[in-house]
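Undergrad: Sequence and predicted structure, then a few things I'm wondering about:
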Amino acid sequence: MSTLDIVGLCGSLRTGSLNRAALNLAGASMPPSMAMEVAEWREIPVFDADVFAEGYPAAVQALRDRIRRADGLVIATPEYNFSIPGAFKNMIDWLSRGEDQPFAHKPVAILSASPGPLGGARVQYDLRRVMLFVNAMVLVKPEVFIAGAAAKFDAQGQCTDETTRKFVGDQMKAFEKWTGAVKRMA
Ligand code: FNR
């Protein structure tokens, strides 16, 4: 059986991001049939339809191609002002343009981490709504909200909380099954 190629996207650009640590935990928790590579999107410019009319900027084209090749996506994102971080939404907006946009029919798992008590619950429902529009196939459950995250990862980004490790591991097991199911449906 060939390994499922999973792309990881982090909604935060911050060095020391809790969501980057959560994304790395997801990658490390995957069953042996899956392997994750984190894709960077820092170079993507602000969306401008006039620029789009001239073609995709190189960073947009590269990420579109990388995601199109992938068997699935794992997204770990912070919540900003109860919603999706603007720069991250801008990246999704760029990729969503064009008939061959790469999110279509792509299996997606979402998790979020926050120092706050809800673990980014609100951003996940906004992101699910956006992913609906682009025809992505988002795993429904288990949901993973990592609340009080600053106390659950150490300075090296390693998760020190056994319950969190179990939740993320269970989500990745479910995501493996979901990715297989979506592939069979295609
Ligand atoms: C936040 N933060 C935040 N947290 C939350 O749980 N709900 C929210 O609505 C917000 N809003 C918000 C807005 C902005 C502009 C910033 C910069 C931050 C706090 C946020 O969860 C915290 O900074 C995280 O550590 C950010 O994620 P990373 O960078 O650690 O992955």
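TA: Okay, I see it. Note that the coordinates shown come from a computational prediction; the quantities given were computed from them, not determined experimentally.

Undergrad: what about the closest residue to residue 96 other than its chain neighbours, neighbour count?
TA: By the measure of Cβ to Cβ, 6 or more residues apart in numbering, the closest residue to residue 96 outside its immediate chain neighbours is residue 134, 5.1 Å from it. (C-beta placed from N, C-alpha, C; glycine too.) In terms of burial, residue 134 registers 17 neighbours under the definition other Cβ atoms under 10 Å.

Undergrad: does residue 164 sit in a helix or strand, and which one?
TA: Under the assignment given by DSSP states H and E, the secondary-structure element containing residue 164 is helix 162-185.

Undergrad: Looking at that helix now, give me its mean pLDDT.
TA: For helix 162-185, the mean pLDDT works out to 97.

Undergrad: May I have the beta-bridge partners of the residue nearest the centre of the chain?
TA: Central residue check for the chain by Cα atoms, centre = their mean: the C-alpha nearest the mean position is that of residue 75, 1.1 Å away. Beta-bridge partners recorded for residue 75 (DSSP bridges): residue 9, residue 110.

Undergrad: And the residue nearest to residue 96, how far from the ligand?
TA: When distance is defined by Cβ to the nearest ligand atom, to the nearest Å, residue 134 is 23 Å away from the ligand.

Undergrad: Which pLDDT value goes with that residue?
TA: For residue 134, pLDDT reads 98.

Undergrad: I figured it was touching residue 89, is that so?
TA: No: contact status for residue 134 versus residue 89: not in contact, 11.9 Å apart, counting by Cβ atoms under 8 Å.

Undergrad: Residue 117 versus the residue nearest to the centre of the chain, what's the distance?
TA: Computed as Cβ to Cβ, to the nearest Å, the residue 75 to residue 117 distance reads 22 Å.

Undergrad: before we move on, what about residue 55?
TA: For residue 55, the distance to residue 117 equals 45 Å [Cβ to Cβ].

Undergrad: for the residue nearest to the centre of the chain, what are its contacts?
TA: Residues counted as contacts of residue 75 (Cβ atoms under 8 Å, 6 or more residues apart in numbering) are 8, 9, 10, 11, 108, 109, 110, 111, 127.

Undergrad: please redo it, this time with the cut-off set to 7 Å
TA: Residue 75 makes contact with 9, 11, 108, 110, 127 under the criterion Cβ atoms under 7 Å, 6 or more residues apart in numbering.

Undergrad: Look at it and report its pLDDT.
TA: Each residue has a pLDDT score; the one for residue 75 is 99.
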